[in-house]
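Colleague: From the sequence below, what's the structure:
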Amino acid sequence: MGHTGSVCGAVTGAYMALGLANKNYKDNPRQNIDKTYALMTEFNRKFTELHGSTNCTQLLGYDLSKPEGMKAAADAKIFITACPVFVSDAVKIVEELLKLT
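Modeller: Purely as a prediction, here's the structure:
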């Protein structure tokens, strides 16, 4: 995500997976968009329920858009302790949502 500190990369990846997994309704493209948005909304609810946010800065407690925040996060090994949990949980939620579709 370019270390902007905004949306968690695991969340963004989940959005992409949800969008790609949707059936393509050529006669009604709006149906694709609406279904994807509904899945994203439910994903956000579930992820936030687990972790309190979908925002990287809030999740990690470090502002990655600033060099000192990036360094502090790296020094704390947050990328190898917290981020894999977010990725794993995002995958589990996406799998759960796609079983329902």
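Colleague: Find the residue ranges of the protein scoring beneath the pLDDT cut-off.
Modeller: 1-5 (pLDDT under 70).
Colleague: Quick one: the helices in it, in order.
Modeller: 9-21, 29-51, 56-60, 67-75, 78-81, 83-99 (DSSP state H).
Colleague: how long is stretch 58-75 from one end to the other?
Modeller: Stretch 58-75 has an end-to-end distance of 18 Å (CA to CA, to the nearest Å).
Colleague: Buried ones in it, by neighbour count?
Modeller: By neighbour count, with 16 or more other CB atoms under 10 Å as the criterion, the buried positions of stretch 58-75 are 59-60, 62-64, 69-70, 72-73. Any C-beta I mention is one placed from the backbone N, CA and C, and that applies to glycine too.
Colleague: same deal with stretch 19-26?
Modeller: So stretch 19-26, judged by 16+ other CB under 10 Å, has buried residues Asn22.
Colleague: what's the answer for stretch 35-46, then?
Modeller: 35-36, 39-40, 43-44, 46.
Colleague: Check what contacts that stretch and list those residues.
Modeller: Contacts with stretch 35-46, where a contact means CB atoms under 8 Å, 6 or more residues apart in numbering, come from 11, 14-15, 18-19, 22, 54, 90, 93-94, 96-97, 101.
Colleague: dump the residue contacts of the closest residue to Cys56 other than its chain neighbours.
Modeller: Leaving aside its sequence neighbours, Cys56 sits nearest to Cys8 (CB to CB, 6 or more residues apart in numbering; 4.7 Å). Going by CB under 8 Å, 6+ apart, Cys8 touches 1, 54-56, 59, 86, 90.
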